[in-house]
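[1] predicted model and sequence below, questions to follow.
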There are 4 protein chains.
Amino acid sequence: MTERKSFGSDNHAGAHEAVLRMMARANAGDAAAYGADPWTQQAAAEIGALFGARGGVFLVFTGTAANVLGISLLLRPYEAVICPESAHLNTDECGAAERVLGAKLLTVPTPDGKLTPALIAGRLRDRGDVHRVQPRVVAISQVTEYGTCYTLAELHALGEFCGSEGLRLYADGARLANATARLGCPVADIVAPMDVLSFGGTKNGAVGAEAVVVMAEDLMTGVSFQRKQQMQLASKMRYLAAQFLGLLEDRLWLRNAAHANLMAQRLADGLRGVPGVELWQPVESNAVFASLRPAHIEALQREWDFYVWDEQAHVVRWMTAFDTTESDVDAFAAAVRETAANGL
Amino acid sequence: MTERKSFGSDNHAGAHEAVLRMMARANAGDAAAYGADPWTQQAAAEIGALFGARGGVFLVFTGTAANVLGISLLLRPYEAVICPESAHLNTDECGAAERVLGAKLLTVPTPDGKLTPALIAGRLRDRGDVHRVQPRVVAISQVTEYGTCYTLAELHALGEFCGSEGLRLYADGARLANATARLGCPVADIVAPMDVLSFGGTKNGAVGAEAVVVMAEDLMTGVSFQRKQQMQLASKMRYLAAQFLGLLEDRLWLRNAAHANLMAQRLADGLRGVPGVELWQPVESNAVFASLRPAHIEALQREWDFYVWDEQAHVVRWMTAFDTTESDVDAFAAAVRETAANGL
Amino acid sequence: MTERKSFGSDNHAGAHEAVLRMMARANAGDAAAYGADPWTQQAAAEIGALFGARGGVFLVFTGTAANVLGISLLLRPYEAVICPESAHLNTDECGAAERVLGAKLLTVPTPDGKLTPALIAGRLRDRGDVHRVQPRVVAISQVTEYGTCYTLAELHALGEFCGSEGLRLYADGARLANATARLGCPVADIVAPMDVLSFGGTKNGAVGAEAVVVMAEDLMTGVSFQRKQQMQLASKMRYLAAQFLGLLEDRLWLRNAAHANLMAQRLADGLRGVPGVELWQPVESNAVFASLRPAHIEALQREWDFYVWDEQAHVVRWMTAFDTTESDVDAFAAAVRETAANGL
Amino acid sequence: MTERKSFGSDNHAGAHEAVLRMMARANAGDAAAYGADPWTQQAAAEIGALFGARGGVFLVFTGTAANVLGISLLLRPYEAVICPESAHLNTDECGAAERVLGAKLLTVPTPDGKLTPALIAGRLRDRGDVHRVQPRVVAISQVTEYGTCYTLAELHALGEFCGSEGLRLYADGARLANATARLGCPVADIVAPMDVLSFGGTKNGAVGAEAVVVMAEDLMTGVSFQRKQQMQLASKMRYLAAQFLGLLEDRLWLRNAAHANLMAQRLADGLRGVPGVELWQPVESNAVFASLRPAHIEALQREWDFYVWDEQAHVVRWMTAFDTTESDVDAFAAAVRETAANGL
């Protein structure tokens, strides 16, 4: 790792000062453990109101945990989750869903990380066949793992389709803040079609905190027990809550996300027309996916931190964060241009 | 809850300032995620050296998670864990062991929260019987859930017995610091007989951080994958590491524990001879278990925060923490004395 | 093993001829697989009618499987099963419940293998405590593992209690036939208070077949999928069904059980007053539990096949079966008397 | 269903008379339960010798159970199984692997149901990545779900590849008999490269019996406990064993399979050149996969019992069994020809 800004992941960034400040503020005297403290109650109330959740809000430690807890409210082991092949749930959680839920993921290849009613329908053929797991949950990511965003119309269509098919809609919102900044509408409009979703703090400037938001009231049975059993009940929960309170104050979460998105756009703009550098996905959040010549990737990685997303297609992923600066972006864009100009 | 110091749990206390300071110090620029950062490497190295661990050190979020991860290194689903009936693993983890490990706990009633070779032997009768789960792990707590401590001799005997019986020894060390302060010896001496153990930071002044310490080298296979699958891999792990670095600096962990133990002793001393107040267990850590008349318990709870441990035996538990002061203790002891003097 | 009749278990007996005959009769031409055959439909209909089941009847291979499938209809992983410490589910299923259900068993010591409302109530204290699994199912065995039978009044009381406490009542009916013979009433009266139960064929003269009977209609969701996922869906299910049809014809199941019970009673009668031989439990089914001097046990086991139930209390279990004859019993009783007369 | 022979599945056939005869022969007096009887020991010994197994042989009830038990010997939950997308394990076991093993299946699309070293290699890229499950088992089916057979050379290549990559090779042998008949070599040659496999009796003329064959000695730890915990331990196991003894006598298993294969070949031959009927896979066992015009499929299904395999490609599957006769085949072939001649 170099001293240069990492474009490897938005979790390479540290925590926002306001988050640490709020944690320090919560460090005042004793507090009831396990969430029975005023900070937790305030954070849950604020998130619930912001999202229009009729259920409740439950803080956990990681995005993987949020996905597993959220989905555990929605299915029994013989029921299955339909998700994109690229879903974090499928590719990056080391089989937590299979182990903790005991459930099968029915994956669908997608060009852009997004499910559609038609793609889901293709996975519904075996309903009622006793030899087959039964689809029950549709799991999307907003922002997707490819950095793309569902439009409100697309989300609405998914919600309608799930409702009409007796399916539940779950959303991995590890980067929901970025989607909200992108769509420019109230987050409540985005999440209205969902039954349960996660709301990510970690990639938005928290130390490490995610919220499971239960939109539907009828899903609240057992959430607290599931969270405890899934090893996600913080004893000193006030410090998870304080992280969210820090992000919620003055809509820091939205400002952080908007800034990260802007930096990604700036990077994409700075690389427009550079020969040999092609965007692989539209830039709709804080990620830039691009294809480069392998030799150029290698050369760049000697100086800069980022991931190769697809070795065979030589696609790389560049992430920006709340603390990426214009000069970070400009320096990196210059490096890419310079490397690309090099006839390696 | 009142403004008065809580005697409810050592996790009602906040975090030690040194812990928050170290977290703020770790908040400097970018860092590789998932533990590939210098803070994590330093914390693991320091704990490993302190404990004489030939395996490795893995940070997780909660005590429940540490227990489940630690034991998952030691058994297959048809193998079982022998533990005291009072074990946190059995009573206070909402069945996480059964769900995540798929394993049965073979519990043993104990008067003092401690296992002995004889008690373990009573659970070994069914070895080789295909209808019965097979004992493989002995799980103890040091400090126990009753606030008692195993002596070095007792631990040594357990280790010997487990070795000779082909059993593995696991220790829940949520309050290992308090045991170390109590025993007054190097922690490495305490943990030498163990195969895997947890080392608790949370109740010692951390925000929320526990370590799984793998003593034996041959147990390292798959630990990282198990931690990830068990939803315990922090992306910004530097902040878990920083908490431990804060506690390790100048042996703060030991000083915190010694102070808490002293306060418990002071409380016990202050209640000696008070009629109607009897110690239920010897005070060997930061817990005082005592029996009181029910009416006195009720009266005290109107002003002070603590738990009734056993309603039928009217036993209460009073916990002290790193930040309990002498005047907190004296005020509470006075309240107990005054209440006890009252002929309710 | 000797040529002598085994008193080891009712599953040491072979299959009743009528069962094998019915299997041969079912072996006629092709049949739809997985239960869509007329034999299965007939067996399910007959058992359902006999039991007054408003749900359905599902055939499986073993008693362990019946227990796990039956209970899986009733609980989520954070919910728990209250059962006697002696329950087959707890002691003799190698942790299948913990592995497949992911659930904890809350066990209760009992003198006679029977639960009572008071014993159950003692396990309900932690309801609502997020750190504790939540009791949801009460699992009894009728006949119990100690050979005792619940009376109709006792079953009714359990049903009432469970209903009033929001608990579900499950019964392991591996020897339900023996209980029915004992109580001398319609089996429907016995099972009326239960939500789900198993009905054992194997120990009653089948080759190997058990039925899960779902009494309540609202529990039918997903049973077929659970059975398949739990590896209990027979492709050629007609042969499981035929076993039950063989047992149901002319109430063979009841005659088999009545005979076995009678043989146990004859054995108990034959040993009345023999010095050093004491009944440990009343004889209410096809089991005789007795305590003997250890040397006598050893001597008897050299010639006869049976199990020592409790080594420390030197209690043995003697089981009779549908094919135990009066002369088998008399020969064995004579052997016991002779051994007991011996001053070993 | 009609009175006509079913071409729906080889499990629509009944049991071979020799199997029922042997079960009746085993029905003689008492026998020790749970496999400690002479029939079970003989069946295990015979299968073990036939296969050249250095481990052991374990009887279970279903193919799904055999797959789950077999694979459970080979992996921990964070380890994964590489298998064809079409694997029975993946498509037809209602998620038993995910629930009971807690493991993820890494599926690979194949044109012919067969894995190759190259296809497997494509799934090995993420080894060592803590976010990804770790491939450990390669699961093939011999015969495949498409009716194709691996050649000895292909199996040898798979075994070599797995060995060199630290992978274990498991084979679903539900129709291993048909593969053995096809390859015309000792079954020991076929299974030599495998670590564990199943050997199917049910589709070969049994009532319902499968064997898990452990080839490697070092895999024997815990098999018996796993089988019990997975609800597959028959109490009266002699009847499972007798089924295999019936099939093993005079190599009935091989004769049954050879006959079924011959009937499939006869069907394929009878349809050669019929316009509109095209083989979708080569006929290498007892299955004929063919594509037909949808209207013809519908017309045929009104009179005959078989499955549509792929609705979109209008591919059907026709299975033959040990009891399919030449006239069954000829009648069916005539019906197909007649339908195809019809300009529906």
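    Yes, it's here.

[2] I'd like to check the angle between the helix or strand A:R21 falls within and helix B:17-26, please.
    Taking DSSP states H and E as the definition, one finds A:R21 inside helix A:17-26. On the basis of axes from the mean of the first three to the mean of the last three Cα atoms, to 10 degrees, helix A:17-26 is oriented at 180 degrees to helix B:17-26.

[3] list the buried residues for helix A:17-26?
    The neighbour-count check on helix A:17-26 (16 or more other Cβ atoms under 10 Å in any protein chain shown) flags A:18-20, A:22-24, A:26 as buried. C-beta here means a position set from N, CA and C on the backbone, and glycine is covered the same way.

[4] with stretch A:23-42 instead?
    Residues of stretch A:23-42 classed as buried: A:23-24, A:26-27, A:30-35, A:37, A:39-40, A:42 (neighbour count, 16+ other Cβ under 10 Å).

[5] check stretch A:164-172 too.
    A:167-172.

[6] pLDDT of it, averaged?
    What stretch A:164-172 shows for mean pLDDT is 98.

[7] next up, the contacts around whichever residue of the stretch 101-250 of chain A sits closest to chain C.
    At 3.8 Å from chain C, A:F225 is the closest residue in the stretch 101-250 of chain A, using Cβ to the nearest Cβ. Listed by Cβ atoms under 8 Å, 6 or more residues apart in numbering or on different chains, the contact set of A:F225 reads B:94, C:78, C:130, C:133-134.

[8] just checking, it is part of a helix?
    Yes: per DSSP: H, G, I helix; E, B strand; the rest coil, A:F225 lies within a helix segment.

[9] shaky segments in chain A?
    A:1-2, A:344 (pLDDT under 70).

[10] the longest helix seen in it vs helix A:17-26, what angle?
    The residue-count maximum for a helix in chain A (DSSP state H) belongs to helix A:252-271. Interaxial angle, helix A:252-271 versus helix A:17-26 (the same axes, to 10 degrees): 160 degrees.

[11] ok, and does helix A:252-271 reach over to chain B?
    No: if you take Cβ under 8 Å from any Cβ of the partner chain as the test, helix A:252-271 misses chain B, and the best it gets is 13.7 Å.

[12] name the next helix or strand downstream of that helix, please.
    Downstream of helix A:252-271 (by DSSP H and E), the next one is strand A:278-279.

[13] just to revisit the earlier point, same for the helix holding A:R21, what does it pack against?
    Contacts defined by 3 or more Cβ pairs under 8 Å, 6 or more residues apart in numbering or on different chains; DSSP states H and E place helix A:17-26 against helix A:238-248, helix B:17-26.

[14] let's see 6 Å
    Using 3 or more Cβ pairs under 6 Å, 6 or more residues apart in numbering or on different chains; DSSP states H and E as the contact criterion, the elements in contact with helix A:17-26 are helix A:238-248.

[15] for the helix it packs on, output the C-alpha coordinates as PDB.
    Below are the C-alpha coordinates for helix A:238-248, written out as PDB (Å, rounded to 0.1, in the frame of the first residue of the first chain):
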ATOM      1  CA  ARG A 238     -24.700   2.900  22.100                       C
ATOM      2  CA  TYR A 239     -21.500   3.000  20.100                       C
ATOM      3  CA  LEU A 240     -23.100   1.500  17.000                       C
ATOM      4  CA  ALA A 241     -26.000   3.900  17.400                       C
ATOM      5  CA  ALA A 242     -23.700   6.800  17.900                       C
ATOM      6  CA  GLN A 243     -22.100   6.100  14.500                       C
ATOM      7  CA  PHE A 244     -25.500   6.400  12.800                       C
ATOM      8  CA  LEU A 245     -26.300   9.500  14.800                       C
ATOM      9  CA  GLY A 246     -23.100  11.000  13.600                       C
ATOM     10  CA  LEU A 247     -24.000  10.200  10.000                       C
ATOM     11  CA  LEU A 248     -27.600  11.300  10.300                       C
END
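
[16] now it: buried residues?
    A:238-248.

[17] for stretch A:216-224, same thing?
    In stretch A:216-224, counting by 16+ other Cβ under 10 Å, buried: A:219, A:222-224.

[18] need these in a markdown table (columns: distance to B:A53).
    Formatted as a markdown table, the buried residues of stretch A:216-224 follow (distance: Cβ to Cβ, whole Å):
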| residue | distance to B:A53 |
| --- | --- |
| A:L219 | 43 |
| A:G222 | 38 |
| A:V223 | 37 |
| A:S224 | 35 |
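
[19] out of the residues you listed, which one sits closest to C:N204?
    A:G222 (38.3 Å; Cβ to Cβ).

[20] tell me which of the buried residues of stretch A:164-172 fall in strands.
    In this view, those that belong to strands under DSSP state E are A:168-172.

[21] how close does A:T110 sit to D:C185?
    As judged by Cβ to Cβ, to the nearest Å, A:T110 and D:C185 stand 45 Å apart.

[22] now whichever residue of the stretch 1-150 of chain A sits closest to chain C: closest residue in space, sequence neighbours ignored.
    Residue nearest to chain C within the stretch 1-150 of chain A (Cβ to the nearest Cβ): A:Y78, separated by 3.8 Å. What sits nearest to A:Y78 in space, not counting adjacent residues and going by Cβ to Cβ, 6 or more residues apart in numbering or on different chains, is C:F225, at 3.8 Å.

[23] any idea how far A:T144 is from chain D?
    Going from A:T144 to chain D by Cβ to the nearest Cβ, to the nearest Å gives 17 Å.

[24] cool, thanks, signing off.
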